[in-house]
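>>> Curious how this folds, go ahead:
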Amino acid sequence: EGKGKKRNPLHDYKKTGELMLIKVNKTLEVKTKLLNTTEQCAKRCSRSKGLSFTCKAFAYDRVTKRCHWLSFNSLTNGVRKKQDHAFDLYEKKDYVRNCIIGKGADYKGTISVTKSGIPCQAWNSMIPHEH
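Reported below is the predicted structural model:
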């Protein structure tokens, strides 16, 4: 990357147009605020700044310019998808990606079995293999 060039905060997100997530599980958290751009929403979500939870996604209402930060994503239990023309959904790639990069130390996806269907060893276990 060149000197003085700012990295676009949206790079870390997968965008799905015209989609909103509705929480069925009432324990899941949402915070909203008026913001002018999706980049501002993404920056705040990436840092979880001012949020009492780890932000995994945000939905941006293009009509009202309101950002909805979400403690969940489309893969979370207790969430349903709703088609909504006013919203664009941005999910953190780390939480919706089902591939492991490098040694997988930063993996946050949902896959917990090998390609052949064998359950993965828990990170806090030294059995059957040492780390």
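>>> alpha carbons only for contacts and neighbour counts from here, please
Will do.
>>> List the buried residues of the worst-scoring helix or strand of the chain on mean pLDDT.
Across the helices and strands of the chain, mean confidence by mean pLDDT, DSSP states H and E is lowest for helix 93-96: a mean of 84. Of the residues in helix 93-96, those with enough neighbours to count as buried (16 or more other Cα atoms under 10 Å) are 93-96.
>>> Repeat that for stretch 11-27.
13-15, 17-21, 23.
>>> Show the residue spans covered by the helices in this structure.
Counting by DSSP state H, the chain forms helices over residues 38-47, 93-96, given from the N-terminal end onward.
>>> and the first one, what does it pack onto?
Counting contacts by 3 or more Cα pairs under 8 Å, 6 or more residues apart in numbering; DSSP states H and E, helix 38-47 packs against strand 57-61, strand 66-70.
>>> Share the number of residues neighbouring residue 83, please.
12 (other Cα atoms under 10 Å).
>>> got the contact list for it?
For residue 83, the contacting residues are 18-20, by Cα atoms under 8 Å, 6 or more residues apart in numbering.
>>> Using TSV, lay out these together with pLDDT.
Written out in TSV, the entries for these read as follows (pLDDT from 0 to 100):
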residue	pLDDT
18	94
19	95
20	96
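>>> Output the residues you listed in JSON lines; the columns should cover distance to residue 56.
Rendered in JSON lines, the data for the contacts of residue 83 read as follows (distance: Cα to Cα, whole Å):
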{"residue": "18", "distance to residue 56": "18"}
{"residue": "19", "distance to residue 56": "15"}
{"residue": "20", "distance to residue 56": "14"}
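>>> residue ranges with poor pLDDT in this protein?
Counting by pLDDT under 70, the ranges of the chain that qualify are 1-4, 98-102, 104-110, 131.
>>> Please repeat the previous calculation with a cut-off of 50.
When residues are selected by pLDDT under 50, those of the chain lie in 1.
>>> How are the strands of it distributed by residue range?
With DSSP state E applied, the chain shows strands at 13-23, 30-34, 57-61, 66-70, 79-92, listed in chain order.
>>> Check these for me and report the most buried one.
Each of the strands of the chain was assessed for mean neighbour count using mean count of other Cα atoms under 10 Å. The highest is strand 57-61, with a mean of 27.
>>> Just the angle for it relative to strand 13-23, thanks.
Compare the direction of strand 57-61 with that of strand 13-23 by axes from the mean of the first three to the mean of the last three Cα atoms, to 10 degrees and you get 80 degrees.
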